[in-house]
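In: Predicted model and sequence below, questions to follow.
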Amino acid sequence: MSSSDKQGPVEAELDQLAFRFFKLFARYESTLKERGYFSSGKGGHILVDWNRFANDVVGPTFAQDLGNSAAAAMHILENPPKRQAVNDQNQIIWADVSANDKSVQALFGHIQRMRNNLYHGAKFNGTWFDPQRSWDLLRNGLVILTHYEKWL
């Protein structure tokens with residue numbers, strides 16, 4: 001029996017969704033860098049400029065542009081991914097992120113945090129933390145990225 005057989009269908013489906021999200025996110029990052037949407041950080045580190053992409057390509061009328069998919073954006077903006085923080089006991093915790101900002105920059109900032117939480121192991125250490133919330137965020141993030149995939 002493979003490890004995916006032991007996970008059950010929900011975790012296996014979430015794994016596949018995360019893979020699809022990662023793969024498309026990576027295409028975006030590559031294309032953004034190729035098209036000059038980056039700056040140079042400390043030590044020549046490349047910082048992808050998602051805000052400029054959000055402003056130049058997507059724009060403030062993103063909800064109208066998304067049409068029937070606007071609910072995906074609203075879900076992310078109203079239920080943003082949490083961020084890791086350190087509490088007073090020097091423990092890593094999940095901190096809420098404000099849902100007040102409904103801008104296109106906030107939307108793509110939340111999508112970046114989703115990727116960072118996954119990539120840096122914050123949402124997965126052998127089992128999914130809060131699988132339903134992870135599913136909803138990843139699924140909706142993938143809807144947004146897929147909608148603007150035509151730009152790639």
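Out: Arrived safely, thanks for sending.
In: List the buried residues in the helix ranked longest in the chain.
Out: The longest helix of the chain (DSSP state H) is helix 3-34. By neighbour count on 16 or more other C-beta atoms under 10 Å, the buried set for helix 3-34 is 11, 14, 17, 18, 21, 24, 25, 28, 29, 32. Where you see a C-beta, it was placed from the backbone N, CA and C, and this is true even at glycine.
In: so where does residue 100 fall, helix or strand?
Out: Here residue 100 sits in a region with no helix or strand, counting by DSSP states H and E.
In: Need the per-residue pLDDT for the residue most central in space within the chain.
Out: When C-alpha atoms, centre = their mean is applied to the chain, the residue found nearest the centroid is residue 111 (2.6 Å). Residue 111 is assigned a predicted lDDT (pLDDT) of 98.
In: how near is the closest residue to it other than its chain neighbours to residue 10?
Out: Using C-beta to C-beta, 6 or more residues apart in numbering and skipping the chain neighbours, the partner closest in space to residue 111 is residue 141 (4.9 Å). Taking C-beta to C-beta, to the nearest Å as the criterion, residue 141 is separated from residue 10 by 18 Å.
In: What is the least confident helix or strand in the protein?
Out: For the chain, counting by mean pLDDT, DSSP states H and E, helix 3-34 ranks last in confidence among helices and strands (a mean of 84).
In: for the protein, what spans make up the strands?
Out: Assigned by DSSP state E, the strands in the chain fall at 38-40, 46-48, 83-86, 92-95.
In: Dump those into a markdown table; add distance to residue 75 as well.
Out: As requested, those are arranged in a markdown table below (distance: least, C-beta to C-beta, whole Å):
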| stretch | distance to residue 75 |
| --- | --- |
| strand 38-40 | 28 |
| strand 46-48 | 24 |
| strand 83-86 | 18 |
| strand 92-95 | 18 |
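In: could I get those strands as JSON lines with mean neighbour count, distance to residue 101 and mean pLDDT?
Out: Output for the strands of the chain, formatted as JSON lines (neighbours: other C-beta atoms under 10 Å; distance: least, C-beta to C-beta, whole Å; pLDDT from 0 to 100):
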{"stretch": "strand 38-40", "mean neighbour count": "12", "distance to residue 101": "22", "mean pLDDT": "96"}
{"stretch": "strand 46-48", "mean neighbour count": "14", "distance to residue 101": "20", "mean pLDDT": "96"}
{"stretch": "strand 83-86", "mean neighbour count": "12", "distance to residue 101": "14", "mean pLDDT": "91"}
{"stretch": "strand 92-95", "mean neighbour count": "12", "distance to residue 101": "16", "mean pLDDT": "88"}
